[in-house]
Each structure stands twice: as structure tokens, then as C-alpha cells.
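Colleague: everything below, folded, please.
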Amino acid sequence: EIKQINEAFPASEFQKLGYYSLANGQKTYNGVAIISKEEPKEIVLDIPNFEDAQRRVLASTIGNARIINLYIPNGQTVESDKYLYKLKWLEALTNFLKEELARHKQLIVLGDFNIAPEDQDVYDPEKWGEDVLCSPKERGALKKILNLGFVDVFRQFKQKEKLFSWWDYRAVSFRRNAGMRIDLILASNSLSKKCTASYIDREPRSWERPSDHTPVIAEFEVE
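Modeller: Next up, the predicted model:
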């Protein structure tokens, strides 16, 4: 979530370091970006045939891989209109990914999904219950995406318990490790076999004035 318009994105700073950059942003909220060593091509900035003023999607082909970066709606509460919007958004996303997967065998879908896939991805699943981020409908929507032919690559590898990517700023959540794993990297079945590692880097979350999220990393050996 870059929270800024494209003109404010520091593209020149990445260029100095030898990277291409793409941004799809808006003022104050939402926004996604892709930074790459190779020039991005076949750029898509939204879900086709789904009317949405919020900037939440950025897709591009980089080398032999298709990358789709997402900032999925939060949903607020399961009783809210924002939750219904999230479910409709996920349905439109599923249709889009089905089409993308038919065209691109090496496909990665990643970003802030605002969904904890399983109870093991929640610090206290009993306390969280079936609230937003963990509700059956959200998890069911994510399962439909996985069933298209994707793998949550983090779970391909043996991981320690209680590994999370997000901690609320309140109630010293990071210090208590009261977090959730809601930032995901999904790879198409064929590409997932080329993933050599996936892990979460907690250290940036400990910095002064950090994001409430921390980086999730996946490494691939691709031609």
C-alpha cells in the first residue's frame, strides 16, 4: 500500500539503483508498486470488467514470469458494506486470475490479501473467531483462487509456528507477537516447483516508525 499518487512515487531513486518501477496509486489510500531489474511489459492497472475507483491492482510481465501485485480490500467488519465489496472484489479477481493463468503458466500473485488462510496464521484463532480476515467466506474465496492452480509458497517449506507478516500498532502487538499472516505469495503450480525458499523478515517491523506489515520473501530459480 503506497498511499500516494503515481507522480509522488520515488521512481527516480529506484532508477539510480538500476531498477525499473511501476506504480498504480492514489492519494492517501491504497496503491501498489512493482520494482524489477527487467523492463515490465503487458501492464494492467485494474481488474477487467470490474468497475472500481480504488487503485488495488498492478500486473506486468517481467522476463518469463507474469507478476500480479494486489492490495485486497480489508472488509472492516463482516456486517459492513465494505465486507460485501470485498467479497465481490474477490469474485472478480478470481475470474481475472483464471484468464491470466490460461495465458501465463509462470504466474505469481502476491500482496496484502487481508485474509489469514488458516488458523495457524492467526496469533489467537479462538479470540479472532470468524471476524473479518478470518471469516469462512473470505477463506472460501481464497481457496477458490488456490484451486485455480496456485500454491501458497510459504507453506511449501517447513516453518516455525507463530510466523506472521502483520501486527496491529495497538496494544504492543509486535512485542507480544500478536500478529497474522495476511501477506501472501501465490505461484502457479508449475512455477511453485521452482521456488527454492520463502520466509518472513521480521526485522523491519522493529524499526522506528515502521509499517505495520513486514516483508515476505520468496526465491525462485527461473530461466
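
Colleague: give the buried residues for the helix ranked longest in the chain.
Modeller: When the chain is parsed with DSSP state H, its longest helix is helix 81-103. Within helix 81-103, the residues scored as buried using 16 or more other Cβ atoms under 10 Å are 83, 85-87, 89-90, 92-94, 96-97, 100-101. C-betas here are computed from N, CA, C, even on glycine.

Colleague: C-terminal to it, what's the next element?
Modeller: Going down the chain from helix 81-103, the next helix or strand is strand 107-112, by DSSP states H and E.

Colleague: just the CA trace of that following strand, in CSV.
Modeller: What follows is strand 107-112, C-alpha atoms only, in CSV (Å, rounded to 0.1, in the frame of the first residue of the first chain):
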residue,chain,number,x,y,z
LEU,A,107,2.4,-16.6,-12.8
ILE,A,108,2.9,-15.1,-9.3
VAL,A,109,0.1,-13.3,-7.4
LEU,A,110,1.2,-11.5,-4.3
GLY,A,111,0.5,-8.7,-1.9
ASP,A,112,-1.6,-7.8,1.1
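
Colleague: within its sheet, name the partner strands of it and how each one runs.
Modeller: Within its sheet, strand 107-112 is paired with strand 65-71 (parallel), strand 183-188 (antiparallel), according to DSSP bridges.

Colleague: so for the first one, what gets flagged as buried?
Modeller: Spelled out, that is strand 65-71. Neighbour counts over strand 65-71 (16+ other Cβ under 10 Å) mark 65-71 as buried.

Colleague: do you know how far the spatially closest residue to A11 that is not a sequence neighbour is from F157?
Modeller: Closest residue in space to A11, ignoring its immediate chain neighbours: S21 at 4.6 Å, by Cβ to Cβ, 6 or more residues apart in numbering. Look at S21 and F157: by Cβ to Cβ, to the nearest Å, they are 29 Å apart.

Colleague: phi, psi for the nearest residue to K162 once chain neighbours are set aside please.
Modeller: Spatially, and ignoring its direct neighbours in sequence, K162 is nearest to N177 (5.9 Å; Cβ to Cβ, 6+ apart). Per-residue torsions, N177: phi 50, psi 40 (degrees, to the nearest 10).

Colleague: circling back: avg pLDDT for the longest helix of the chain?
Modeller: Per-residue pLDDT over helix 81-103 has a mean of 99.

Colleague: please save the CA atoms from that helix in PDB.
Modeller: Taking Å, rounded to 0.1, in the frame of the first residue of the first chain, the C-alpha atoms of helix 81-103 are listed here in PDB:
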ATOM      1  CA  ASP A  81     -20.900  -2.800   3.200                       C
ATOM      2  CA  LYS A  82     -17.100  -2.900   2.900                       C
ATOM      3  CA  TYR A  83     -17.200  -6.600   3.600                       C
ATOM      4  CA  LEU A  84     -19.700  -7.200   0.700                       C
ATOM      5  CA  TYR A  85     -17.500  -5.100  -1.500                       C
ATOM      6  CA  LYS A  86     -14.500  -7.300  -0.500                       C
ATOM      7  CA  LEU A  87     -16.400 -10.500  -1.500                       C
ATOM      8  CA  LYS A  88     -17.400  -9.000  -4.800                       C
ATOM      9  CA  TRP A  89     -13.900  -7.900  -5.400                       C
ATOM     10  CA  LEU A  90     -12.500 -11.400  -4.700                       C
ATOM     11  CA  GLU A  91     -15.100 -12.900  -7.100                       C
ATOM     12  CA  ALA A  92     -14.000 -10.500  -9.900                       C
ATOM     13  CA  LEU A  93     -10.300 -11.200  -9.000                       C
ATOM     14  CA  THR A  94     -10.900 -15.000  -9.300                       C
ATOM     15  CA  ASN A  95     -12.300 -14.600 -12.800                       C
ATOM     16  CA  PHE A  96      -9.400 -12.400 -13.800                       C
ATOM     17  CA  LEU A  97      -6.800 -14.800 -12.400                       C
ATOM     18  CA  LYS A  98      -8.400 -17.700 -14.300                       C
ATOM     19  CA  GLU A  99      -7.900 -15.800 -17.500                       C
ATOM     20  CA  GLU A 100      -4.400 -14.800 -16.600                       C
ATOM     21  CA  LEU A 101      -3.500 -18.400 -15.700                       C
ATOM     22  CA  ALA A 102      -4.700 -19.600 -19.100                       C
ATOM     23  CA  ARG A 103      -2.300 -17.200 -20.800                       C
END
